[in-house]
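Enquirer: Build me a model from this:
(one chain, ligands or ions: 1)
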Amino acid sequence: MPTNSQTAGRTTVTQRCIDPDCGARFEINERIYVCSRCGGLLDVVQESATDPEQLRGLWTRRLASFETRDRSGVWRYRELLPFADNAPIVSLAEGNTPIYDAPVSAAYCGLRALTLKHQGCNPTGSFKDTGMTVAITQALILGVQTVVCASTGNTAASLAAYAARAKLQCAILVPRGQISHAKLAQSLDYGAAVLELDGSFDDAMRVIRELAEDESIYLVNSINPFRIEGQKTVAAELLHQRGWRVPDHVVVPGGNLGNSTAFGKGFAELRDLGLIDRLPRLSVVQAEGASPFANLFKSFAGSAHVSPASPGQHLPSDWNAWPALTPIDDPHTLATAIKIGAPVSWQKALRAVLASGGTVLSVSEQEMADAKAIIGREGVGCEPASASTVAGIRRLVADGVIGPDEDVVAVLTGHILKDSDYTIKYHQQKLFSDNDAMTKRRKLAGTYPNPPSLVKATKAAILKEIKRHAKALDSA
Ligand code: F0G
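Expert: From the prediction side, this is the model:
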C-alpha cells in the first residue's frame, strides 16, 4: 500500500491552515482543500533536517540517472515533496524546462541581460504539469476515482493528460468560447469529459468547489495544496540550473495566483534548508482588465510599487488586518489564460510577494501583445499570458524599480502554439481587444508585424520578396 512520508516515518508532514490565528493542522491524507475550522487555505508543511551540500550533490547526480523519477524535473527534487519512496508516481517527464539568455527581450526592457525560464516546454505545453504530476499521484494514494478542475484551458489539458496516464476518470469545466482551440483540442484528445459552461472561469471555479464536496470527486485546481507542492519544485530547478546563484528578481504572470504562491513557497523552503541565503524579489504581472490582485496591492501598499529595503517589513502580524481582495465581476483580456476576476490563492501569493520585497502590477493589452512579438523574435515564443512578464519588466525598469544591471528572470508559463489564432491576428494587424462592459472593442497595433505575403512562383519574385521582408523586419 503506497503511503505518504508521514506514515513512512521519514519526516513529519502535515497540512496546516495559513491563518496564523488559526494554524489548525490536519493529517496529510485528509481529503480537504480548505481548513475545516476557519475556511482558510492550506499549506503542506514538512519538518526535516537535511544537509544542503548533500542535497545539491544528490540532485546533480540524478541528472545522469535513467530512473523515471530522476528524469522528471519535479521528482528529481523529491526530498522537498511530502511522499514516501514507494509513492505511485504518475509522470510524463515533466519539468526539465530550459533557461534561455534573451538579449532581444533584455534590450527591449532596458536591461543588460535577461533570462527566460520556459515552463511552456512541459509535456502538455504549460507549467501546470509540474503540479499535476504531484496532485494525480496524491489522487492515487487517496484511491479516488474521478478528478476534476475548472480551467481557462491549461490546467484542463494538463489534468486530462495525467488522468489518462493514471487511468482515472476526468472531467474539466471550462468557460464556453473563452479557451483557445489548442487547449480544447488537447483535452479532447486526452479523453477528458469536457464540460462547457455558459459563464466565466470564476463561475466554473465556484461550481467545481461545490462539486468537490461530493466524496467521489477530487479537485485538483491550485487550491489543492498538492498542486502547489509540485509547482514549487521549479524554484529548485531554476536555481540548480543557475549553479545556485540567486537572481535579484523573478517575475511571473498572475491569474488564479497558484504559480506565484508556488514560487514563493519554493524559494522560502530552499532558504530555510540552507541551499540559498536570500530570496529573489518575486513580482506578479496581471492583465489590466483582469487585475484584482494588482488593485489590492496598490491599495495595500499605498503606492504602485513597493520595494521595501528589508523584504518582509510590510507583513502585518495580524492576519485579519490585511485588506481583502475585491473580485472583478467582468474580467477581460485577450490573454484568456489569466482572464480571472476572483483568484483563489491571493492570500498565499500576497504573503509570498511581501516576504520577498517584490511588487504586483498590471500591463495593457498592447504592451502584452508587443512583448509577445519580441519574445518571438528571440526564437523562443510563448502564449499571450506569459508575455505579461516581459511587458511588466519593461515597465519596472522604466519606473526605476528594477535596475538595468540587475539579474532578472522572466517565467514563461505557456507554449507559443497554445494560442496561434492570437499570434496570426497580431501579425496581420487584425487583433481586437476583448469585449467588456466599460470599453469598446479596440484594434491593437501590430507594432512588430510579420504578415505572410503572397508571391509569384518565380525566382526573381521570391528574391525580391526576401529582400523586402528583411528591410521591413529591420525597420519595425
Ligand atoms: N500563464 C498561463 C499560460 C496560464 O495558463 C495561467 C493559468 C497563468 C499564467 C496564471 O497562473 O493561475 O497560477 O496565477 N491558467 C489556469 C488554467 C487558470 O486554468 O489553466 P496562476
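Enquirer: My read is that D43 contacts N224, right?
Expert: No. Taking contacts as CB atoms under 8 Å, D43 lies outside contact range of N224: 11.9 Å. Placement of C-beta: from N, CA and C, glycine included.
Enquirer: Pull the residues that contact the helix or strand hosting L350.
Expert: Element membership for L350, per DSSP states H and E: helix 346-356. The list of residues contacting helix 346-356 from outside it, by CB atoms under 8 Å, 6 or more residues apart in numbering, reads 18, 40-41, 43, 228, 254, 257, 260-261, 263-265, 267-268, 279-284, 292-293, 296-297, 300, 311-312, 314-315, 322, 325, 343, 358-360.
Enquirer: I'd like to know which elements the following helix or strand past that helix is packed against.
Expert: Next in sequence after helix 346-356, counting helices and strands by DSSP H and E, comes strand 360-363. If contacts are counted by 3 or more CB pairs under 8 Å, 6 or more residues apart in numbering; DSSP states H and E, strand 360-363 sits against strand 281-287, helix 292-301, helix 384-398.
Enquirer: Make a markdown table out of these and add mean neighbour count.
Expert: Below are the helices and strands packed on strand 360-363 laid out as a markdown table (neighbours: other CB atoms under 10 Å):
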| stretch | mean neighbour count |
| --- | --- |
| strand 281-287 | 29 |
| helix 292-301 | 20 |
| helix 384-398 | 27 |
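Enquirer: Would you single out the least confident of the ones you listed?
Expert: Here the lowest mean pLDDT among these goes to helix 292-301, at a mean of 88.
Enquirer: got the angle between it and helix 346-356?
Expert: Per axes from the mean of the first three to the mean of the last three CA atoms, to 10 degrees, the angle that helix 292-301 makes with helix 346-356 is 50 degrees.
Enquirer: In which helix or strand does L238 reside?
Expert: Counting by DSSP H and E, L238 is found in helix 225-241.
Enquirer: for stretch 38-48, which positions count as buried?
Expert: For stretch 38-48, a neighbour-count test (16 or more other CB atoms under 10 Å) marks 40-46 as buried.
Enquirer: now stretch 452-469
Expert: Buried residues in stretch 452-469 (16+ other CB under 10 Å): none.
Enquirer: which residues are contacting that stretch?
Expert: H427.
Enquirer: now that stretch, how far from the centre of its chain.
Expert: 41 Å (CA atoms, centre = their mean, to the nearest Å).
Enquirer: Same check on stretch 443-452?
Expert: With CA atoms, centre = their mean, you get 27 Å for stretch 443-452.
Enquirer: Let's see it as CSV, backbone CA atoms only.
Expert: What follows is stretch 443-452, C-alpha atoms only, in CSV (Å, rounded to 0.1, in the frame of the first residue of the first chain):
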residue,chain,number,x,y,z
LYS,A,443,-7.9,47.4,-32.6
LEU,A,444,-4.4,46.7,-31.2
ALA,A,445,-1.5,47.9,-33.3
GLY,A,446,0.8,45.2,-34.7
THR,A,447,3.9,47.2,-33.6
TYR,A,448,6.2,44.4,-34.7
PRO,A,449,4.2,42.8,-37.5
ASN,A,450,5.3,40.0,-39.7
PRO,A,451,2.4,39.1,-42.0
PRO,A,452,2.7,36.3,-44.7
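Enquirer: May I see the buried residues of stretch 171-182?
Expert: Per 16+ other CB under 10 Å, stretch 171-182 contains these buried residues: 171-175, 178-180, 182.
Enquirer: just stretch 247-261 next, same as before
Expert: Neighbour-count burial for stretch 247-261 [16+ other CB under 10 Å]: 247, 249-261.
Enquirer: Can you get me the start-to-end distance on it?
Expert: End-to-end distance for stretch 247-261: 18 Å, by CA to CA, to the nearest Å.
Enquirer: Any idea how far it is from the middle of the chain?
Expert: 7 Å.
Enquirer: Report whether that stretch contacts the ligand.
Expert: Yes. Using CB under 6 Å from any ligand atom, stretch 247-261 reaches the ligand at 253-260.
Enquirer: How about stretch 384-400?
Expert: Yes. Stretch 384-400 reaches the ligand (CB under 6 Å from any ligand atom) through 385-386.
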